[in-house]
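Student: This is a predicted model, with the sequence first.
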Amino acid sequence: MNKKFIPKITVFHCINAFTENTHSIFVGRNDFEVKFIKLPCSSMVKDIFLLRAFEAGADGVVVLVCPEGQCRYVEGNIRAKKRVAWVKNLLDDIGIDGGRLSLSNIAAGDTAAATQIIDNALKNLAELGQNPAA
Amino acid sequence: MNMNAQSRLQETLSKGEFAVTAECGPPRGANPEVVRKKGELLKGYVDAVNVTDNQTAIVRMSSIAACSHLLQMGLEPVMQMVTRDRNRIALQSDIMGAYSLGIKNILCLSGDHQSFGSQPDALNVFDIDSMNLIRTVQTMRDQGKDMSGFELNGPPRMFIGAAANPFADPFEYRVIRLAKKIDAGADFIQTQCIYNMDRFKEWMKMARDEGLTEKVHILGGVTPLKSAGMAKFMNNKVAGMDVPEPLIKRMAGVPKEKAVEEGINICLETIAELRDIEGVHGVHIMAIEWEEIVGQIVESAGLTPRP
Amino acid sequence: MIVAEQKPLSEIKEIIAPYKKILILGCGTCVKTCFAGGEDEVAVLASALRLACKKDGKKIEIEELTIERQCEDEFIRESAPAVSRSEGVLSLACGAGVQALARRFARTPVLPGVNTTFIGVLEKQGVFTEECSGCGNCRLDIFGGICPVTRCAKKLLNGPCGGSQNGKCEINPETDCAWQLIIDRLKALGQMDNLRKYIPPKNWSTSLSGGPRKLVREDHMI
């Protein structure tokens, strides 16, 4: 029987960009599984954490950072952006496609944007399929 | 300056005559006919012919061998030698070998970096630099000793040349460097192609003020332009080359079919100006892969017959 | 410090292909500072290799360890138990570290995971530049503290060449012309006379040209 693909997404987010009480906007959706990793600043998202998310079975990883110029720690979101770009290349080298990882800027409380970002990631994963290294 | 007149180029310059040299690039192959053909085109129009040494780091017939072919035709070669490809052992050995074949002029260069050439993976040598090479040839000639101090059985009596680029940076250091090359033993200097006459004159004035023109023969380098595109390319892409905007405009201002003629006109005007500059003792015509034009330029400049 | 760069993942995969159980051994000194082989890089490489092998359906066991210095036997010995558990060691240290490991562990293959590139400095965050060739005969005193042997593409001692333009080297517009730097600095120091002097050919016998070098300090030997 062809079981429907339910993607697993890990969301790394800065607590200033995406507040904990907005996690609930995805409650009730059964088209994906989500895991949230809160960070005091997106600059804390080290490359090894992103890779370990994939090792733990994530099909996709989404990193949510504050809008550029609005990082509480000045350049944390820029550092995150550079690191994500680096890991995307590494995922390509590994052979599991850098497209599984994405970074988006988002303003606190913008739940519509958050939904849009997740929907985009899902659309992308529908094409890429399951993490081949899961 | 060594007064032991050995080469014809040295003789010409010593007599105070305006000398003419040109350039001959050896072929990418073992065919001596290419060298002979170029030699034929230059014969009667120049005092000596520079033979390049794997220029732009592209592998070609050796300078020594190509010089030897020219000698057999009765032309006098200036053997270019770069320190990029040979260590001091090979350099000294080749200088002696070249002299034994009758090659009496040498132009000491560091050489274009191999990254510009066809084999950028090559290891470069640069055991010594061009300054050291000049001094080495001078010591071999005047003291009859190699770099170890060993007395040579037959010293190579080379007429020693060096290059100077008045258009490279830092400008104020360029004359100091010229002085260093003269102190190291350079008898003559061939310059980078001159398009920016103002800067060249300024450099010459600085050289005269330092008394350098009394100690060395300076041959101004010229390269006839073929098109506005070539002028732009040389200005933008060739390091250490300075083609002023008005000159590029002048080349672009004539119809395409007249561009070559205009390039030759500019070249002739440059030569005429060079002859009027105190301390300039000759012209070095670098018509790269365009040797057939040299005769016309020399003739039109009123510098024939040669030698 | 010694600067190194991790090899491409594809090359590392080829190098470790014959082994089913490897130790990735980091070094906590130079290569850690240049982000090539410290603890963090060991973790990332291990994770990347696990993912790559899993994707390719290959079984591999990877152990991770980082020691203080791979060029000193005293520290290397700490890795002995982990080395004895593996079929091969992928060292993320410089070439000296790889060889020091090979000397210590006679029966375990030691494999290079980085390319050792040069002796350099951290010019600014994320940028390392080569500044020393270890020629064994330092003359930075006359060159205003800027090394032409290392930083001039032609190793000119009586430079600059004709390709110096706007302070940049002709072979790479990103690279400063060492001779422009030397001249600027000597001018500022009032030592331009250094450059009027002829600098004789360099004695290369103290460099690698003289064969592998050895330094002996009798006073430190028992």
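Tutor: Now that the structure is in, tell me what you want to look at.
Student: packing partners for the longest strand anywhere in chain C?
Tutor: Identified as the longest strand of chain C according to DSSP state E is strand C:114-124. The contact analysis (3 or more CB pairs under 8 Å, 6 or more residues apart in numbering or on different chains; DSSP states H and E) places strand C:114-124 against strand C:2-6, strand C:127-132. Where C-beta positions appear, they are placed from N, C-alpha and C, glycine not excepted.
Student: Not counting residues beside it along the chain, what's closest to the spatially most central residue of chain B?
Tutor: Geometric centre of chain B, nearest residue: B:Q190, 4.7 Å, by CA atoms, centre = their mean. Among residues not flanking B:Q190 along the chain, B:H284 sits closest, at 4.4 Å (CB to CB, 6 or more residues apart in numbering or on different chains).
Student: circling back to that earlier point, now mean pLDDT, mean neighbour count and distance to C:R85 too, for the helices and strands packed on strand C:114-124, in CSV please.
Tutor: Converted to CSV, those look like this (pLDDT from 0 to 100; neighbours: other CB atoms under 10 Å in any protein chain shown; distance: least, CB to CB, whole Å):
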stretch, mean pLDDT, mean neighbour count, distance to C:R85
strand C:2-6, 98, 21, 23
strand C:127-132, 97, 15, 34
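Student: Adding distance to chain B, write these out as CSV.
Tutor: As requested, these are exported to CSV (distance: least, CB to the nearest CB, whole Å):
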stretch, distance to chain B
strand C:2-6, 18
strand C:127-132, 15
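Student: Which strand or helix spans the residue nearest to B:Q190?
Tutor: strand B:280-285 (DSSP states H and E).
Student: in its sheet, what does that strand sit against?
Tutor: According to DSSP bridges, strand B:280-285 forms sheet pairs with strand B:19-24 (parallel), strand B:217-222 (parallel).
Student: quick one on the thing from earlier: ok, the residue nearest to the centre of chain B - contacts?
Tutor: Applying CB atoms under 8 Å, 6 or more residues apart in numbering or on different chains, one finds that B:Q190 lies in contact with B:T21, B:N50, B:L107, B:G161, B:A162, B:A163, B:A164, B:L219, B:G221, B:H284.
Student: Pull out the buried members of those.
Tutor: When these are checked for burial by 16 or more other CB atoms under 10 Å in any protein chain shown, the buried set is B:T21, B:N50, B:L107, B:G161, B:A162, B:A163, B:A164, B:L219, B:G221, B:H284.
Student: any chance of the residues you listed in JSON lines, plus distance to B:I266?
Tutor: Putting the buried ones among the contacts of B:Q190 into JSON lines (distance: CB to CB, whole Å) gives the following:
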{"residue": "B:T21", "distance to B:I266": "19"}
{"residue": "B:N50", "distance to B:I266": "21"}
{"residue": "B:L107", "distance to B:I266": "25"}
{"residue": "B:G161", "distance to B:I266": "25"}
{"residue": "B:A162", "distance to B:I266": "26"}
{"residue": "B:A163", "distance to B:I266": "22"}
{"residue": "B:A164", "distance to B:I266": "21"}
{"residue": "B:L219", "distance to B:I266": "18"}
{"residue": "B:G221", "distance to B:I266": "14"}
{"residue": "B:H284", "distance to B:I266": "16"}
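Student: Disregarding flanking residues, what is the spatial nearest neighbour of residue 111?
Tutor: Since no chain was named, I'll use chain A. A:I25 is the one closest to A:T111 (CB to CB, 6+ apart), at 4.9 Å.
Student: Not quite, go with chain B.
Tutor: Leaving aside its sequence neighbours, B:G111 sits nearest to B:V82 (CB to CB, 6+ apart; 2.8 Å).
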